[in-house]
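Peer 1: Let me see the structure of the following:
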Amino acid sequence: MPSSLATMAVFFAGNSGIFLVVTYYTQTGLGIEPFDAGLLFVPMGLGFVLAASACQRLVARFGERVPVAGAALLAATLGTAAVAVQAPAAAQPFLLAALLAVTGVAQGLVATPLVAGIIRRVRPEDAGAAAGVATTVTQLGLATGVAIVGTCYRLVLGGTPGDPAAPDRDLAAFTAAAVLLAAFAAGTCLLTHRRSLDEDSDSGTDRGHGPGDLGMRVGEHRGHAGRRG
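Peer 2: From the prediction side, this is the model:
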């Protein structure tokens, strides 16, 4: 469970940073109105819903490879965003909307099995407490992500947001923040992969002490008893 909570903290730290950076850059760097900037996140929400809806079937077929692949996709998408903003300003909103749609899909592939894995690893009577701990860790990750990514953005920006005398500062700040967000996603991928290995190890241990193994031990005991008789 500790590894799952650590994964959740890193994952949601990156998620909150995405909302902060995209909102900040599109309004101050590209001069988009707040309402229009908010509409860019609609594809992200749709992608998340679609992926989360299909996630149960995907996990049933492919197992823990699903959240690992989702985190890897998230890292690749955020890394691509750092390159996409080098395009002309008029094309950037459309590129960001497309990348946010893929981001939503990637998040949906990670979040659903991640939370389910935490609840699954505790006793049924402890599920409520586990959900409470998971919620607390989520909030901690969200706050930490805003602090870290926001600080990075502001440090690289240096001057006043949207300063017409230094238009490249907003671009540089977004690029640096996108690389940092990709690093958060890569960390989520590594932690998710490690968690899947731990679960496979636990499953192997359980299988080693399963009913078949118990039957062998019972048979051995009867054999010893027969020889003594």
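Peer 1: what's the helix or strand that contains V22 packed up against?
Peer 2: In this assignment (DSSP states H and E), V22 forms part of helix 2-24. With contacts taken as 3 or more CB pairs under 8 Å, 6 or more residues apart in numbering; DSSP states H and E, helix 2-24 sits against helix 34-39, helix 65-84, helix 92-120, helix 127-157, helix 167-208. Quick note: C-beta positions are derived from backbone N, CA and C, even for glycine.
Peer 1: mind listing what's buried in it?
Peer 2: Under the neighbour-count criterion of 16 or more other CB atoms under 10 Å, helix 2-24 has 3-18, 20-24 buried.
Peer 1: Quick one: neighbours of L46, just the number.
Peer 2: 14 (other CB atoms under 10 Å).
Peer 1: Enumerate every residue touching it.
Peer 2: L46 makes contact with 101, 104, according to CB atoms under 8 Å, 6 or more residues apart in numbering.
Peer 1: Identify each buried residue in the one helix or strand it maps to, please.
Peer 2: Assigned by DSSP H and E, L46 belongs to helix 42-62. Buried residues in helix 42-62, counted by 16+ other CB under 10 Å: 43-44, 47-48, 51-52, 55, 58-59.
Peer 1: now this structure, which segments are flagged as low pLDDT?
Peer 2: Judged by pLDDT under 70, the chain has its weakly predicted residues at 1, 162-166, 198-229.
Peer 1: now with 50?
Peer 2: Along the chain, the model assigns pLDDT under 50 to residues 205-226, 228-229.
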